[in-house]
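Participant: Build me a structure from this.
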Amino acid sequence: MNEPHYISSILIIYTGGTIGMIENPTTGVLEAFSLRSLLESVPELKRFGYEISTMQFDPPIDSSEMEPLHWSRLTKMIADNYEFYDGFVILHGTDTMSFTASALSFMLGDLCKPVILTGSQLPIGKLRTDGRENLITSIEIAAAKKNHKAVVSEVCIFFESHLMRGNRTSKVNADRFNAFRSFNYPVLARAGVQIKYDSTKVHSHGKMVPLKPHYTLDQNVVVLKLFPGISPQIVDSILTIPSIKGVVIETYGSGNAPGKDWFIEKIKAAVDRGLVVVNVTQCQIGRVQMKRYGSGHRLQEIGVVSGYDITTEAAITKLMYLFGRGYSTKKVIEKMNLSIAGEITTDFSYDD
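Facilitator: Coordinates of the predicted model:
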């Protein structure tokens with residue numbers, strides 16, 4: 001799909017993760033090795049004819065070590081090189097890839113070029129690795145153009161033949177190659193003999209506009225996962241954390257929670273203190289509908305914000321982003337009810 005007589009330019013950013021690991025012959029532990037060695041394992045890349053440049057974290061980090069400061073670093077690397085490349089591929093460990101993709105979708109404002117995150121379940125040097133195909137296809141997607149415009153102009157994850165909106169994904173499998181799923185939004189493309197894009201689901205800008213990167217995130221947010229038998233002490237320990245600004249409550253089903261007076265009172269007290277409390281469902285598929293049952297309706301009445309069909313990863317990073325912009329509580333609540341980067345669906349007009 002690339003334009004004739006034009007050589008696409010791609011920047012690969014290697015952060016670390018299994019895709020770039022090699023087994024220590026003494027201990028058997030997987031350890032990071034150089035980006036050059038990684039790319040040498042995929043000589044097929046030269047057949048693309050693209051101009052491929054590389055950057056990397058030094059030293060590479062395990063994705064379990066990923067933090068907001070690394071998201072800011074990635075944002076700056078992309079912003080500093082934005083004018084020089086047609087697309088970006090980020091090689092990343094799988095454990096926190098959905099968090100990183102979600103954060104970048106908010107931090108890279110007015111993004112008009114593809115930013116594709118990928119990785120693997122097996123090191124790229126292994127004979128049966130999934131990393132080779134993930135890397136090759138991610139680069140092809142990042143380079144794809146139609147009518148002089150990028151086919152994909154958003155932050156995505158590509159894994160095992162599926163291109164997914166980054167802030168809609170969750171890691172669901174630690175052992176199989178189909179590690180990620182986008183449960184509440186259709187995949188953007190499927191890679192088979194050809195890469196077939198769903199143009200009705202892929203975000204597309206009408207025209208190129210300047211990138212508006214944002215680097216500051218506020219980490220004063222927390223997740224409260226409900227479970228049967230949760231005690232007042234546990235809820236208190238979360239809601240009374242000093243300096244906390246936002247709480248993502250993982251509720252049951254369509255947004256239900258215990259209707260006990262003590263629970264409602266503690267949540268109400270937190271909202272009254274100015275905390276933004278967001279209701280997301282523990283279910284992989286479906287959305288929060290607080291008007292559906294009495295317990296959810298009580299949460300709505302005391303000021304809990306609906307998370308609609310947002311993932312926990314996107315809810316947390318969105319709160320970090322909004323508070324990082326210095327918005328007031330009122331403004332954050334307003335923005336949580338709006339789709340900033342396709343992270344929620346409020347009209348539910350898409351096909352299930």
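Participant: Give me the phi and psi for residue 65.
Facilitator: Main-chain torsions, residue 65, degrees, to the nearest 10: phi -90, psi 0.
Participant: What of residue 342?
Facilitator: phi 80, psi 20.
Participant: Residue 102 now?
Facilitator: Main-chain torsions, residue 102, degrees, to the nearest 10: phi -60, psi -50.
Participant: Help me confirm that it comes into contact with residue 314.
Facilitator: Yes - under the criterion of Cβ atoms under 8 Å, residue 102 makes contact with residue 314 at 4.3 Å. In this view, the C-beta of every residue, glycine as well, is placed from N, C-alpha and C.
Participant: Touching, residue 312 and residue 250? I think so.
Facilitator: Yes - the pair residue 312 / residue 250 is scored as a contact, 6.2 Å apart, by Cβ under 8 Å.
Participant: which neighbours do these two share?
Facilitator: 223, 280 (Cβ atoms under 8 Å, 6 or more residues apart in numbering).
Participant: Where do the helices of the stretch 51-200 of the chain begin and end?
Facilitator: Under the criterion DSSP state H, counting those that start in this stretch, the stretch 51-200 of the chain contains helices at 68-81, 97-107, 131-143.
Participant: Check the stretch 251-352 of the chain too.
Facilitator: Using DSSP H, counting those that start in this stretch, helices in the stretch 251-352 of the chain cover 261-272, 294-301, 312-324, 329-336.
Participant: most packed of the ones you listed?
Facilitator: Mean neighbours per residue, mean count of other Cβ atoms under 10 Å, is largest over the helices of the stretch 251-352 of the chain for helix 312-324, with a mean of 25.
Participant: isn't residue 299 right next to residue 279, touching?
Facilitator: Yes - judged on Cβ under 8 Å, residue 299 makes contact with residue 279 at a distance of 6.0 Å.
Participant: got any ranges where the stretch 151-300 of the chain has weak pLDDT?
Facilitator: Scanning the stretch 151-300 of the chain for pLDDT under 70 picks out the ranges 205-206.
Participant: at 80 what do you get?
Facilitator: For the stretch 151-300 of the chain, the stretches with pLDDT under 80 are 177, 204-207, 293-295.
Participant: ok, the residue lying closest to residue 288 once chain neighbours are set aside - contacts?
Facilitator: In this structure, residue 288 finds its nearest non-sequential neighbour in residue 255, 3.6 Å apart by Cβ to Cβ, 6 or more residues apart in numbering. Listed by Cβ under 8 Å, 6+ apart, the contact set of residue 255 reads 279, 281, 288, 289, 290, 292, 293, 296, 299, 306, 307.
Participant: Greatest separation within these: which pair is it?
Facilitator: Between any two of these, the greatest separation by Cβ to Cβ is 15.9 Å, found for 293 and 307.
Participant: I figured residue 315 hits residue 250, correct?
Facilitator: No - counting by Cβ under 8 Å, residue 315 stays clear of residue 250, with 9.2 Å between them.
Participant: hey, what's in contact with both of these two?
Facilitator: residue 280.
Participant: quick check: mean pLDDT across stretch 101-116?
Facilitator: In this model, stretch 101-116 has a mean pLDDT of 97.
Participant: Check stretch 43-62 too.
Facilitator: On average, stretch 43-62 scores 87.
Participant: For that stretch, list every residue counted as buried.
Facilitator: For stretch 43-62, the buried set under the neighbour-count rule, 16 or more other Cβ atoms under 10 Å, comprises 45, 48, 50, 52, 55, 56, 57, 60, 61, 62.
Participant: what's the pLDDT at the residue nearest to residue 272 when sequence neighbours are not counted?
Facilitator: Once flanking residues are discounted, residue 272 sits nearest to residue 303: 7.9 Å by Cβ to Cβ, 6+ apart. Listed pLDDT for residue 303 reads 95.
Participant: For residue 303, the count of nearby residues, please.
Facilitator: Residue 303 has 15 neighbouring residues, counting by other Cβ atoms under 10 Å.
Participant: Verify the contact between it and residue 268 for me.
Facilitator: Yes - with contact defined as Cβ under 8 Å, residue 303 reaches residue 268; the gap is 7.4 Å.
Participant: how far out from the middle of the chain is stretch 194-208?
Facilitator: How far stretch 194-208 lies from its chain's middle: 18 Å, per Cα atoms, centre = their mean, to the nearest Å.
Participant: buried set for it?
Facilitator: Result for stretch 194-208 [16+ other Cβ under 10 Å]: buried residues 195, 197, 201, 202, 203.
Participant: between these, which is nearest residue 142?
Facilitator: The closest of the buried residues of stretch 194-208, once distances to residue 142 are taken by Cβ to Cβ, is residue 195, at 11.5 Å.
Participant: Export the helices of the stretch 51-200 of the chain to a markdown table and append columns for mean neighbour count.
Facilitator: Listed next are those as a markdown table, based on neighbours: other Cβ atoms under 10 Å:
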| stretch | mean neighbour count |
| --- | --- |
| helix 68-81 | 18 |
| helix 97-107 | 28 |
| helix 131-143 | 24 |
